[in-house]
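A.B. asks: Just need the structure, nothing else, for what follows:
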Amino acid sequence: MPVQFGCQTYTWQMSYDRYKNSFAEILDTIQKSGFSGVEAEVCMLGSFYEDPGLLQEALGNRGLKLA
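C.D. replies: Next up is the predicted model:
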């Protein structure tokens, strides 16, 4: 099995006011960058925090895993 790399959302958290409700956009960027998953800061999840099923769907649609 090849090594898989995930991405952490801290970079976006540094510009929190800009990205606080943009987790789907962040996931798109992570997926397009070739990462396999994401380790998300809870504050960055937005509405995905309230609905784990929505988070699971968003990850699955992009072929990403939660780290």
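A.B. asks: Going along the chain, name the helices of the chain.
C.D. replies: Ranges of helices in the chain, per DSSP state H, are 10-13, 16-19, 23-32, 52-61.
A.B. asks: winner for burial among those?
C.D. replies: Scoring those by mean neighbour count under mean count of other C-beta atoms under 10 Å gives helix 23-32 as the most buried, with a mean of 17. The way it works is simple: take the backbone N, C-alpha and C, and place the C-beta from them, glycine included.
A.B. asks: Give me the contacts around that helix.
C.D. replies: 7, 9, 12, 19, 38, 40, 44-48, 58-59, 62-64 (C-beta atoms under 8 Å, 6 or more residues apart in numbering).
A.B. asks: just to revisit the earlier point, put together TSV for the helices of the chain, with distance to Val3 on each row.
C.D. replies: Output for these, formatted as TSV (distance: least, C-beta to C-beta, whole Å):
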stretch	distance to Val3
helix 10-13	21
helix 16-19	27
helix 23-32	16
helix 52-61	20
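A.B. asks: Format those helices as CSV; extra columns: mean pLDDT.
C.D. replies: Converted to CSV, the helices of the chain look like this (pLDDT from 0 to 100):
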stretch, mean pLDDT
helix 10-13, 94
helix 16-19, 96
helix 23-32, 97
helix 52-61, 96
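A.B. asks: closest one to Pro2 among these?
C.D. replies: Closest to Pro2 of those is helix 23-32 (C-beta to C-beta; 16.9 Å).
A.B. asks: Just the buried residues of the contacts of helix 23-32.
C.D. replies: Neighbour-count burial (16 or more other C-beta atoms under 10 Å) applied to the contacts of helix 23-32 gives 7, 9, 12, 19, 38, 40, 44-45, 48, 58-59, 62, 64.
A.B. asks: Just the residues contacting stretch 56-63, thanks.
C.D. replies: Identification of contacts with stretch 56-63 by C-beta under 8 Å, 6+ apart yields 23-24, 27-28, 30-31, 36-38, 48, 65-66.
A.B. asks: Actually, stretch 39-48.
C.D. replies: Here stretch 39-48 has contacts from 6-10, 12-13, 16, 19-23, 26, 49, 54-55, 58, 66-67, using C-beta under 8 Å, 6+ apart.
A.B. asks: at 6 Å instead, please
C.D. replies: 6, 8-9, 13, 21, 23, 54-55, 67 (C-beta atoms under 6 Å, 6 or more residues apart in numbering).
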